[in-house]
Structures are given as structure tokens and as C-alpha cells.
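>>> structure of the sequence below:
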Amino acid sequence: MFDELCPSTVSPVKVGDKWGALVVRCLEGGPRRFSELRVPLARVTPKVLTQSLRTLERDGLVERSVEGRRVTYALTPLGRSLLGPLSVLCAWAEEHWDELVDAREEGLAAQGL
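Take a look at the predicted model:
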């Protein structure tokens, strides 16, 4: 879902933190367990994913439900309202992919990285 060539990885806009927008997109299809989020977000460490989920929960975008030992995460209505703007942003990033990558590479080169 979110490989290194995904337009959302070069998006200049962040939700909550670096991975927040990707978590929101992963929850678009409905509630998921932590382990289910780990599959499309394999590059995110469990610790960072936990932090991102807590930040999104704090900001009212994600809700955490506990039923016995089963913990799931789902978008709140506020979180769902973010899906449209995120789709537009992803489409914009896809349209300007080459320009964004070139600018990032030039910026890294200028920093000596």
C-alpha cells in the first residue's frame, strides 16, 4: 500500500506526525487491529506506530476500542472527514511526483546528505 514510491511519502503536509496520514489511509476501509496495521506500514516500528496511533487518538481522528483482549482502531467522524483532503493531496503529489523528488534530492545534496 505505502511503498517507497507512494506519492504520500513525499507529501509536504503531515497529519499528527510523520506517519499519521498513512495510518488514517490504512483505516479508511474500517477498523483494524494493531497487527493488521503493521502489514501495510511495515517500515514503521511498533513503537512509532503506537505513538502515531496515540497522537491520532489524542487529536480526535482515531478511536481505540477494547473488547476483552481484542483492541481495534477506527477512524472517528472527524478522521473520516480527512479522507477527502488526503485523497486530493495524494493526487497532487502523484501529479507532481518528479518535481517533488527532484526538489528533495537537490535539497539533500545542498545539505551534503
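>>> buried sites along the helix or strand where Lys47 lies?
Take DSSP states H and E as the rule and Lys47 turns out to sit in helix 46-58. Within helix 46-58, the residues that qualify as buried are 49, 51-53, 55-57, counting by 16 or more other C-beta atoms under 10 Å. In this view, the C-beta of every residue, glycine as well, is placed from N, C-alpha and C.
>>> again with stretch 68-85
Residues 72-73, 75-76, 79, 82 are the ones in stretch 68-85 that count as buried (16+ other C-beta under 10 Å).
>>> need those residues in a markdown table with secondary structure, can you?
Shown next, in a markdown table, are the buried residues of stretch 68-85 (DSSP: H, G, I helix; E, B strand; the rest coil):
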| residue | secondary structure |
| --- | --- |
| Thr72 | strand |
| Tyr73 | strand |
| Leu75 | strand |
| Thr76 | coil |
| Gly79 | helix |
| Leu82 | coil |
